[in-house]
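1. generate coordinates for the sequence data below:
(one chain, ligands or ions: 1)
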Amino acid sequence: MSPTISIMRLPRVKDERDSFTIDLAAKHRDLRLHALQTEPSSFASSYQEESQWDLGRTIAKLNNPQTVHWMAVRTVEITAESSSGDSSLLLSAPWVGFIALLGPVASDSQGSGKISAKIDPLVQMQISGMSSGFTRVDKPITEYPDTASSALEFHIGAVFTHQSARQIGIGRALIDAALGEAQSQTRRAGVSAFECTIHVDKGNDSATRLYGKAGFTVVREETYAQQVTSPDTGVVRTVERVALLMELRQEVS
Ligand SMILES: CC(C)(COP(=O)(O)OP(=O)(O)OC[C@H]1O[C@@H](n2cnc3c(N)ncnc32)[C@H](O)[C@@H]1OP(=O)(O)O)[C@@H](O)C(=O)NCCC(=O)NCCS
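-> Residues are numbered from 1 along each chain as shown. Next up, the predicted model:
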């Protein structure tokens, strides 16, 4: 990993629109839009749609209590994961990557006593504001396999490394930060294991390799319908995308 990159967890911003909140949300939105614009086939959302959103939606996304966001920040010294304390550094240093961890999934609403019920990761993404304009073509939620034994369930959404900083370990460091948080939350909850899913478009070999190296394995292929609006004509068409659902299970001692 480059000695000038830190992985920094974003603090919860305030709901009221103080200048730190606005600047942080605007910076997040800028990198997110850059990612959507330059890598349109890598995300379950689109530049056309999100560029229309006001900043309040980004603030709400950053404040979602079931989501943790990290940024890869160009700094002067290496740290695996800095605390969220250094707010001024977050705003002043350039951001070159991001990741979001969604979950854990809330207790089963049926009251079955299970720790969690497997929930469709696409639904999790939509609830968290990380996905829009997508619908599942196959596999309704009820077909998701139940967990073999008690485990907290997380989903990783929106992994991105800026084009200027790829293949120096940032993607892996972002994944490690997210999995470290999943592990801590699982331990705090007194649960013995967690499971984490991630979607990657079939054919996105660099991301598939990254997740494979981090311990994820392919569970199955899934098909999604995406509403795509032409930036020139405004015409909306439906595009089918095939994604791999990858999963990792980790025991927590
Ligand atoms: C996929 C992506 C996040 C990888 O980020 P990165 O910071 O370059 O990844 P890292 O440097 O940490 O690489 C970690 C591992 O991923 C794999 N990898 C990363 N880029 C790769 C590439 N271009 N080709 C092949 N393998 C690649 C390698 O296995 C690498 O480990 P190794 O160098 O020991 O072999 C980045 O290319 C990206 O943002 N792509 C566009 C957005 C995207 O596809 N996001 C994923 C959506 S599911």
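2. okay, now the residue of the chain found nearest the ligand: neighbour count?
-> At 2.7 Å from the ligand, Gly171 is the closest residue in the chain, using C-beta to the nearest ligand atom. For the C-beta atoms, the positions are set from N, CA and C on the backbone; glycine is no exception. A count of neighbours around Gly171, defined by other C-beta atoms under 10 Å, yields 24.
3. next, the buried residues of whichever strand or helix holds it.
-> Using DSSP states H and E, the secondary-structure element containing Gly171 is helix 170-188. For helix 170-188, a neighbour-count test (16 or more other C-beta atoms under 10 Å) marks 170-171, 173-179, 181-183, 185-186 as buried.
4. now the helices for the stretch 51-200 of the chain?
-> If DSSP state H, counting those that start in this stretch is used as the criterion, the helices of the stretch 51-200 of the chain fall at 55-63, 87-92, 121-127, 170-188.
5. using TSV, please lay out the ones you listed together with mean pLDDT and distance to Thr135.
-> Rendered in TSV, the data for the helices of the stretch 51-200 of the chain read as follows (pLDDT from 0 to 100; distance: least, C-beta to C-beta, whole Å):
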stretch	mean pLDDT	distance to Thr135
helix 55-63	92	20
helix 87-92	86	35
helix 121-127	77	8
helix 170-188	97	26
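6. let's have those in JSON lines, adding distance to His162.
-> Formatted as JSON lines, the entries for these read as follows, by distance: least, C-beta to C-beta, whole Å:
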{"stretch": "helix 55-63", "distance to His162": "18"}
{"stretch": "helix 87-92", "distance to His162": "16"}
{"stretch": "helix 121-127", "distance to His162": "22"}
{"stretch": "helix 170-188", "distance to His162": "8"}
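7. returning to what we had before: farthest pair within the buried residues of helix 170-188?
-> Set against one another by C-beta to C-beta, these have their most distant pair in Ile170 and Thr186, with a gap of 24.7 Å.
8. what about Pro11, neighbour count?
-> 17.
9. and it, how far from Ile5?
-> Counting by C-beta to C-beta, to the nearest Å, the gap from Pro11 to Ile5 is 19 Å.
10. before we move on, the earlier item: so who does the residue of the chain closest to the ligand touch?
-> Contacts of Gly171 were listed using C-beta atoms under 8 Å, 6 or more residues apart in numbering, and they are Gly97, Val159, Thr161, Ala207, Leu210.
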